[in-house]
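Peer 1: Coordinates only, no sequence provided:
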C-alpha cells in the first residue's frame, strides 16, 4: 500500500500550469510540523512537494495561497529527470488525489486568492432564531 496523509501549511503560493495536452497541473509544498519537540524544545517541520491534476489542480490554484492549511492525500511517487547541466535529478512527491482546505472561516477559505478577504460570516444570534450567539473560539472543533 502506498498512501500518504499529510496536514500542513503551504510554504508558497501554488503554481498552476498546463501540459502540452491541455491538462492542468498544480504544484506546491507544505510544511508539516513534527509531533514532538527536539531537545531545545522547538518543533521542527518536514517539507513535502505536492502535485495535483485537472480540476483539483485548478481549485488548488484558485483557492489556496501561502500559509493555507491543507490535508493532502495520495500516493508517494519517485521520479528522475536530467537537468540542463546533464546531471540526473531525483524527485519525491505526493500525487494528491484529495486536497482538503482546512482554514477556518474568515481566513480567506473558499474565496479566490486574487480577491480581498470578505467580512466574516454572520453570527446566528437570537435575532435569527437560533438562540444565543456562539463565538468560533467556543466551538469544540
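Peer 2: Cool, got the structure. Every value quoted in this text rests on a predicted model; they were computed, and no experiment measured them.
Peer 1: Skip the chain neighbours and tell me the closest residue to the spatially most central residue of the chain.
Peer 2: Nearest to the mean C-alpha position of the chain, counting by Cα atoms, centre = their mean, stands residue 70 at 3.5 Å. Residue nearest to residue 70 in three dimensions, not counting chain neighbours: residue 99, with 5.5 Å by Cβ to Cβ, 6 or more residues apart in numbering. Backbone N, C-alpha and C define where each C-beta goes, glycine included.
Peer 1: If you count neighbours, what's buried in the host helix or strand of that neighbour?
Peer 2: Per DSSP states H and E: residue 99 is located in strand 98-101. By 16 or more other Cβ atoms under 10 Å, the buried positions in strand 98-101 come out as 99, 101.
Peer 1: repeat for stretch 60-74
Peer 2: 60-61, 63-65, 68-70, 72-74.
Peer 1: Check the gap between residue 3 and residue 75 for me.
Peer 2: 6 Å (Cβ to Cβ, to the nearest Å).
Peer 1: More neighbours: these two, which one.
Peer 2: Neighbours were tallied for residue 3 and for residue 75 using other Cβ atoms under 10 Å; the higher tally belongs to residue 75 (13 against 10).
Peer 1: What is the burial count for residue 40?
Peer 2: Neighbour count for residue 40, taken as other Cβ under 10 Å: 6.
Peer 1: Return the distance of it relative to residue 12.
Peer 2: 27 Å.
Peer 1: so who does residue 18 touch?
Peer 2: With contacts defined as Cβ atoms under 8 Å, 6 or more residues apart in numbering, residue 18 is in contact with 24-25.
Peer 1: Tell me how far it lies from residue 55.
Peer 2: 13 Å.
Peer 1: now residue 48
Peer 2: Using Cβ to Cβ, residue 48 is found at 22 Å from residue 55.
Peer 1: can you check residue 87 too?
Peer 2: 35 Å.
Peer 1: mind listing the helices for the chain?
Peer 2: Ranges of helices in the chain, per DSSP state H, are 54-63.
Peer 1: Just grab the bridge partners of the closest residue to residue 19 other than its chain neighbours for me.
Peer 2: Nearest non-adjacent residue to residue 19, counting by Cβ to Cβ, 6+ apart: residue 25, 6.2 Å away. Assessed by DSSP bridges, residue 25 has beta-bridge partners residue 17, residue 53.
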